[in-house]
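**Q** Provided below for reference: sequence and predicted model.
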Amino acid sequence: MTKPKISIQQVGKVFGEGHHRVEALKDVSLDIADNEFVTFVGASGCGKSTLLRIIGGLEYHTAGEVLVDDRPIMGPGADRAMVFQHYSLYPWLKVMENIKFSRRLKHGRENLSEADVEAASGRADALLALMGLTAAAEAWPNQLSGGMQQRVAIARALMGRPEILLMDEPFGALDAQTREVMHDLILHVHRLEKPTLAFVTHDVEEAIYLADRVVLMAPRPGRIDTIYKVPLPAEREQDMKHTPEFLSLKKEILARIRETSGMKTDQGMLDQLNMQETA
Amino acid sequence: MPSSTRPRRPGMWAIRGPLSRRQYWLFAALGLLAPLGLWWLASSGSTVDKVFLPGPVDVFNRLVTWYTEDDLMSDMGISIYRVTTGFLFSAVIALPLALMIGTFRPVQAVLEPLTDFIRYMPAVAFIPLVMLWVGIEESSKISIIFIGTFFQMVLMMAEDVRRVPLAQIEAAQTMGAQKGETINLVIFQAAKPALLDTLRVTMGWAWTYLVVAELVAANSGLGYSILKAQRFLQTDKIFVGIILIGLIGLVMDQLFRLAHRKAFPWLYLKS
Ligand SMILES: Nc1ncnc2c1ncn2[C@@H]1O[C@H](COP(=O)(O)OP(=O)(O)OP(=O)(O)O)[C@@H](O)[C@H]1O
Ligand SMILES: [Mg+2]
C-alpha cells in the first residue's frame, strides 16, 4: 500500500470550555491518497469545516494527529491552499494581481531566478486561460459574477502549485447551471494539476459527481459515519448523473444524512407549529 | 398599447424612488436657500435688535471688514494649522495602534478598555491640565484637539481593522503569507477605505474642538475671534466665524471624499 498524502488519526476537536464546550470532532480517522478527490457531506454542524480547517492549519486539533507526507502540520502553509465560499478575493487588486498574490510573498520570492519569474508570469496567464478568465484579467473582482469570482479564487489558490487543495462549499452560493460548469472545470483542474483534493459540500449530487470517495459525517459529536467509494469511471460526464448507480448512491447517502442528522422530530415540530397556529 | 396598462416609472415619492441629477440639485438649493430666506425675513423686521440677530447683509459686510481690516486670512490660517496638526498627530499615532488592537487580542485587551474609559472623559476638562503640563504655547491648542480626536479615532479605526473579512486573511495564510505580510498586504490594504472614512469623520470633530482649544490663552484664530466678538457684542462676527468654520469643514469633507474616489476606484464602479 502506498503512503497516504494526508493521514488523519483519531483527531478530536473541542471548542470552548464549561457551558460553551462543543465537541466538534471526535475520534476522526481517515487516510487520503495522493491525487485523490474526497468530498465531505453531512448534516449542518457535523464538523466538516472544522476538519478541513484543521488540515489547512487554520484551526488546531485538541486530540490525535494530522500528518501530511508523514509530517505533522504546523499551521497554515503554501502546500495546502484553501478556497472559501465567500469574500476571500482582494477587492483592491485586479483579477490578474489577485492571481499573482502569492508572488508578493517572501516564500514565493526566495531563490528566484529571472527564468522563474518568467515562468510564474506564464503560469498566471495559463491559469487565467484555463479558468476562462483571459478577458477579465484587468477587471476588478466586484465587476465579476459569483461564478467568475470563484474561478479567480481557484486560480489564485493554484498559482503556488499547492499539493493539497482544500475547498469549503466553494460553489455553495452559485446557481445550478454555473455550478455544473464549475464541476467540470474543477475535475479538469484535478486531472491537469494533480492536487489532492478535499472538498466540503451540502450538495450530495455534487459530492458524488466529483469524488473518488464521499465521506459522510454525523453530528454531536462530529465523526465519520460512512465512507462511500463512488462506482463511476474516473472520467466523469454530466450524463452519469442519471445512471442507476449514481441515483441509488445518491438516495442511500441522502437517507443516511437524514438518519444521522437527528431530524426525526420533524413531525413533532410540525405538530407544535400547528398547535401554535390554532391557539 | 395604451400606456395606462403598463406600470409607470415610479415617482420620486415612491419609497426609495428615483431622483434625477437636476431634481437633486433643485432640492439641495431649496434646502440651502430656504433657511437663508427665513433668516433674512426674521432679521429684517425693525423689532429685532441687530445685536440679537444680525441679518445676512450685516454678516456679509462684517466678513468684508474682517478681511480688509482685521486680517481674516491669518485667523483662518492659524486655525487650519492647529486643527490639521492636532489631527495629523492623532492619525499618525492612532493608525499603528488601531492595526495592532484590531489584529492582536492581547493588545486589544490592554488598550481598548482604557481607551474606552478615557474617551468618555470630557476633552474640555483637560484644559487646566494641558495648561499646567504643556503651557500656553501653540502646542497646548494642538494638544486639546489631539485629546478630543485621538481616543475616538483609535477605537473607530480598530473596529475598521477588525471588520476585515477573516476569509481574506486566511486565504493569504494558506498561500504562505507570514504575519507581517498578512498585516501589510491584506489587513491594512483591506481596511484602507474604511480608515480613510474614519479620518473624514474625525476631521469634523477636530473642528468642533477648535473653539475649545482657542479658549486657552490664544490671541488669534477663528475660535478665538468668535469668543472675543462675544465680549464686544459683535454678533455679526460670531456668525461669520461659525459659518466660516462650517464652510472649511465642508471643503475638507469634500476633499476627503475626492481622495476616497481617487484612491479606491473599485468602490465606485458603474456596474
Ligand atoms: N470557532 C468556533 N467556536 C466555537 N464553536 C465552533 C467554532 N467553529 C465551529 N464550532 C462548532 O463546531 C461544530 C462544527 O462546526 P463546523 O462549522 O465544522 O460544521 P459544518 O459541518 O461545517 O457545518 P455547516 O454544514 O453548517 O457548514 C458546530 O457545532 C459549531 O457550532
Ligand atoms: Mg461548514
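**A** Good, I have the coordinates. Ligands and ions are numbered 1, 2, ... in the order given.
**Q** shaky segments in the stretch 101-250 of chain A?
**A** Scanning the stretch 101-250 of chain A for pLDDT under 70 picks out A:107-115, A:117-118.
**Q** how about the residues of it near ligand 1?
**A** Applying CB under 6 Å from any ligand atom, we find that the stretch 101-250 of chain A lies next to ligand 1 at A:Gly222. Using the backbone N, CA and C atoms, a C-beta is placed for each residue, glycine as well.
**Q** residues of the stretch 101-250 of chain A that sit close to chain B?
**A** Contacts of the stretch 101-250 of chain A with chain B, taken as CB under 8 Å from any CB of the partner chain, map to A:101-102, A:104-108, A:140-143, A:153, A:156-157, A:159-160, A:162, A:166.
**Q** how does it look with 6 Å?
**A** With CB under 6 Å from any CB of the partner chain as the criterion, the stretch 101-250 of chain A meets chain B at residues A:102, A:105, A:107, A:140, A:143, A:160.
**Q** am I right that the first one is in a helix?
**A** In this case it means A:Ser102. Yes: counting by DSSP: H, G, I helix; E, B strand; the rest coil, one finds A:Ser102 located in a helix.
**Q** point me to the residue of the stretch 1-150 of chain A nearest chain B.
**A** Going by CB to the nearest CB, chain B is nearest to A:Ala78 of the stretch 1-150 of chain A, at 3.2 Å.
**Q** near B:Val216, how many other residues are there?
**A** For B:Val216, the tally of surrounding residues (other CB atoms under 10 Å in any protein chain shown) stands at 19.
**Q** scratch that, B:Ser46
**A** 5.
**Q** what of B:Arg82?
**A** Neighbours of B:Arg82 (other CB under 10 Å): 26.
**Q** list the contacts for it?
**A** Shown in contact with B:Arg82 (CB atoms under 6 Å, 6 or more residues apart in numbering or on different chains): B:141-142.
**Q** go again using 8 Å as the cut-off
**A** B:Arg82 is in contact with B:138, B:141-142, B:145, B:210, B:213-214, B:221, counting by CB atoms under 8 Å, 6 or more residues apart in numbering or on different chains.
**Q** ok, so of these, who is nearest chain A?
**A** The closest of the contacts of B:Arg82, once distances to chain A are taken by CB to the nearest CB, is B:Ile145, at 31.2 Å.
**Q** re earlier: so the residue of the stretch 1-150 of chain A closest to chain B touches B:Thr174, yeah?
**A** Yes: with contact defined as CB atoms under 8 Å, A:Ala78 counts as touching B:Thr174 (7.4 Å).
**Q** which one's more surrounded, these two?
**A** Comparing A:Ala78 with B:Thr174 by other CB under 10 Å, the one with more neighbours is B:Thr174, at 29 against 19.
**Q** now the more buried one: closest residue in space that isn't a chain neighbour?
**A** A:Met82 (4.2 Å; CB to CB, 6 or more residues apart in numbering or on different chains).
**Q** phi, psi of the closest residue to chain A within chain B?
**A** Proximity of chain B to chain A (CB to the nearest CB) peaks at B:Gly176, 3.2 Å away. Main-chain torsions, B:Gly176, degrees, to the nearest 10: phi 100, psi 20.
**Q** where's it relative to A:Leu105, distance?
**A** Using CB to CB, to the nearest Å, B:Gly176 is found at 5 Å from A:Leu105.
**Q** which neighbours do these two share?
**A** A:Ala78.
**Q** pull the residues that contact the helix or strand of chain B with the lowest mean pLDDT.
**A** Using mean pLDDT, DSSP states H and E, the weakest-scoring helix or strand in chain B turns out to be helix B:127-134, at a mean of 85. Here helix B:127-134 makes contact (CB under 8 Å, 6+ apart) with B:140, B:143-144, B:147, B:212, B:215-217.
**Q** buried residues in it?
**A** Of all the residues in helix B:127-134, those buried under the rule 16 or more other CB atoms under 10 Å in any protein chain shown are B:127, B:130, B:134.
**Q** closest to A:Met240 out of those?
**A** The shortest approach to A:Met240 among those belongs to B:Val130, at 77.1 Å (CB to CB).
**Q** most neighbours among the residues of the stretch 101-250 of chain A next to chain B, which one?
**A** A:Ser102 leads those on contacts (other CB under 10 Å) with 25 neighbours.
**Q** rewinding a little: intersection of neighbour lists for A:Ala78 and B:Thr174?
**A** Taking CB under 8 Å, 6+ apart as the criterion, A:Ala78 and B:Thr174 both touch A:Pro162.
**Q** with only the CA atoms kept, save stretch B:41-51 in PDB.
**A** Output of stretch B:41-51 as PDB, limited to C-alpha atoms (Å, rounded to 0.1, in the frame of the first residue of the first chain):
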ATOM      1  CA  LEU B  41     -37.000  87.600   6.900                       C
ATOM      2  CA  ALA B  42     -36.600  87.100  10.700                       C
ATOM      3  CA  SER B  43     -33.800  89.700  10.900                       C
ATOM      4  CA  SER B  44     -35.300  92.400   8.600                       C
ATOM      5  CA  GLY B  45     -38.200  93.300  10.900                       C
ATOM      6  CA  SER B  46     -37.500  96.500  12.700                       C
ATOM      7  CA  THR B  47     -38.400  94.900  16.000                       C
ATOM      8  CA  VAL B  48     -35.300  92.700  16.100                       C
ATOM      9  CA  ASP B  49     -32.200  94.100  17.600                       C
ATOM     10  CA  LYS B  50     -29.100  93.700  15.400                       C
ATOM     11  CA  VAL B  51     -27.100  92.600  18.400                       C
END
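**Q** next, the buried residues of it.
**A** Within stretch B:41-51, the residues that count as buried by 16+ other CB under 10 Å are B:Ser43.
**Q** then stretch A:237-254?
**A** Buried, per 16+ other CB under 10 Å, within stretch A:237-254: A:241, A:246, A:249-250, A:253.
**Q** closest to chain B out of those?
**A** If you rank these by distance to chain B using CB to the nearest CB, A:Ile253 comes first, at 28.1 Å.
**Q** run through the residues that contact the nearest residue to that closest one once chain neighbours are set aside.
**A** In space, and not counting its chain neighbours, A:Ile253 is closest to A:Val204: 5.1 Å by CB to CB, 6+ apart. By CB under 8 Å, 6+ apart, A:Val204 lies in contact with A:41, A:214, A:250, A:253-254, A:257.
**Q** so which elements touch the helix or strand hosting A:Asp27?
**A** Using DSSP states H and E, A:Asp27 falls within strand A:22-32. Secondary-structure packing of strand A:22-32 (3 or more CB pairs under 8 Å, 6 or more residues apart in numbering or on different chains; DSSP states H and E): strand A:6-15, helix A:48-56, strand A:63-68, strand A:223-229.
**Q** which one of the ones you listed is the most hemmed in?
**A** The highest mean neighbour count among the helices and strands packed on strand A:22-32, using mean count of other CB atoms under 10 Å in any protein chain shown, belongs to helix A:48-56: a mean of 23.
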